[in-house]
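Undergrad: Quick one, structure for this:
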Amino acid sequence: MQPKVKKTWKQVDGVLLLDKPIGLSSNDALQKARRLFSAAKGGHTGTLDPLASGLLPLCFGEATKFSADLLDADKTYEAELKLGVETDSGDAEGLVIATATVDVEKSRFLALLPQFTGAIEQVPPMHSALKRDGRPLYELARQGIEVERQPRAVTIHALELLELAGDLARIRVSCSKGTYIRVLAADLGRALGCGAHLTALRRTRVGDLELTGAVTLAELEAQAEEARPSRLAPVDALLSSLPRVELDSAAAERFSHGNPVALAAGLAGKIRVYAAGRLLGVGEPGSDGRLWPKRLVQLAV
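TA: Down below sits the predicted model:
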């Protein structure tokens with residue numbers, strides 16, 4: 001029996017746009033990808049349910065400093081709904097609690113969409129990770145316990161019907177953070193009078209990042225390890241929506257050592273900071289009108 005070879009971890013910096021498969025949790029997907037890159041440090045930018053597939057941005061090394069910036073980002077999903085069947089969880093894993101005959105015309109479905117577009121309220125499902133007295137709601141749900149949940153404000157930026165065929169409907173949803181697509185599916189079904197539940201979900205966009213060009217774990221595994229870094233986007237891929245400033249060498253030296261620098265008028269909020277085209281980090285204007293470092297990166301030259 002040969003001795004087990006100890007894994008050697010290394011500094012890897014960048015962003016991987018992963019096309020997560022159905023059946024893996026976000027953390028399982030992260031750990032598999034991290035091992036494929038032998039990355040010493042990794043994180044994800046918000047979970048994607050095991051039953052969902054699609055875009056899961058993963059961060060390695062210095063990029064993990066900016067992973068939280070995508071937690072509040074808008075997202076886009078393509079979802080499949082089965083009409084005429086309602087489940088207790090709102091998705092295909094739940095128990096059927098109601099059935100009805102489906103007789104829905106496309107025009108009626110389309111006429112309903114504006115009611116669910118814009119600022120709306122959703123009641124979080126019992127089958128969710130939200131906590132009550134320190135316990136996830138899904139644990140209570142598994143014990144048959146249901147507790148009152150307060151409606152939450154979310155925003156549906158765009159809602160499209162992609163296909164309607166008998167008792168199956170496909171929709172595209174562009175929404176704010178915290179939107180439950182299975183709650184939307186159930187609410188749509190009730191409004192149609194027949195009930196519905198979510199049968200498939202695929203995320204196609206997170207912030208400014210698109211599923212187009214994302215890589216699967218199988219594709220990564222098929223590549224030699226030394227070729228895999230070519231799949232990584234740069235660290236600042238998560239920051240593309242932020243305004244950008246370039247510093248001269250003297251200002252860059254001050255900023256990189258945690259000191260504020262002069263800032264042009266008119267800039268506000270988080271700002272990505274560069275010198276000679278190289279990312280230094282993210283800063284924010286202070287009350288003194290200068291740009292103060294908030295998160296700095298240490299990238300290999």
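Undergrad: Would you tell me which strand is longest in the protein?
TA: Assignment by DSSP state E gives strand 152-165 as the longest strand of the chain.
Undergrad: Keeping just the C-alphas, turn it into PDB.
TA: The C-alpha coordinates for strand 152-165 follow below in PDB (Å, rounded to 0.1, in the frame of the first residue of the first chain):
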ATOM      1  CA  ARG A 152     -40.100  40.600   3.200                       C
ATOM      2  CA  ALA A 153     -39.800  43.300   0.600                       C
ATOM      3  CA  VAL A 154     -38.000  42.200  -2.600                       C
ATOM      4  CA  THR A 155     -37.800  43.700  -6.100                       C
ATOM      5  CA  ILE A 156     -38.600  41.800  -9.400                       C
ATOM      6  CA  HIS A 157     -36.900  43.900 -12.000                       C
ATOM      7  CA  ALA A 158     -38.100  41.800 -14.900                       C
ATOM      8  CA  LEU A 159     -40.400  38.800 -15.300                       C
ATOM      9  CA  GLU A 160     -40.900  37.000 -18.600                       C
ATOM     10  CA  LEU A 161     -42.800  34.000 -19.800                       C
ATOM     11  CA  LEU A 162     -40.500  32.000 -22.000                       C
ATOM     12  CA  GLU A 163     -42.700  29.000 -22.700                       C
ATOM     13  CA  LEU A 164     -46.100  27.700 -21.700                       C
ATOM     14  CA  ALA A 165     -47.000  24.100 -22.700                       C
END
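Undergrad: Contacts for the next helix or strand after that strand, please.
TA: Reading on from strand 152-165 to the C-terminus, the next helix or strand found by DSSP states H and E is strand 168-175. Strand 168-175 has contacts (C-beta atoms under 8 Å, 6 or more residues apart in numbering) with 74-83, 109, 154-164, 179, 181, 184, 188, 196, 199, 204-205. No exception for glycine: its C-beta is placed from N, CA and C like everyone else's.
Undergrad: Which of those are buried, as a ChimeraX select command?
TA: Buried residues within the contacts of strand 168-175, by 16 or more other C-beta atoms under 10 Å, are selected in ChimeraX with:
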select :74,75,76,77,78,79,80,81,82,83,109,154,156,159,164,179,181,184,188,196,199,204,205
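Undergrad: Do a quick rundown of the helices in the stretch 201-301 of the chain.
TA: 217-222, 249-256 (DSSP state H, counting those that start in this stretch).
Undergrad: In terms of secondary structure, what does the first one contact?
TA: The reference is to helix 217-222. helix 26-37 (3 or more C-beta pairs under 8 Å, 6 or more residues apart in numbering; DSSP states H and E).
Undergrad: Enumerate the positions of the helix it packs on that are buried.
TA: For helix 26-37, by 16+ other C-beta under 10 Å, it's 26, 29, 30, 33, 34, 36, 37.
Undergrad: Any figure for the gap between the fourth one and residue 282?
TA: With the distance defined as C-beta to C-beta, to the nearest Å, residue 33 ends up 24 Å from residue 282.
Undergrad: now the third one
TA: When distances are taken as C-beta to C-beta, residue 30 and residue 282 turn out to be 23 Å apart.
Undergrad: can you check the first one too?
TA: Residue 26 sits 24 Å away from residue 282, taking C-beta to C-beta as the criterion.
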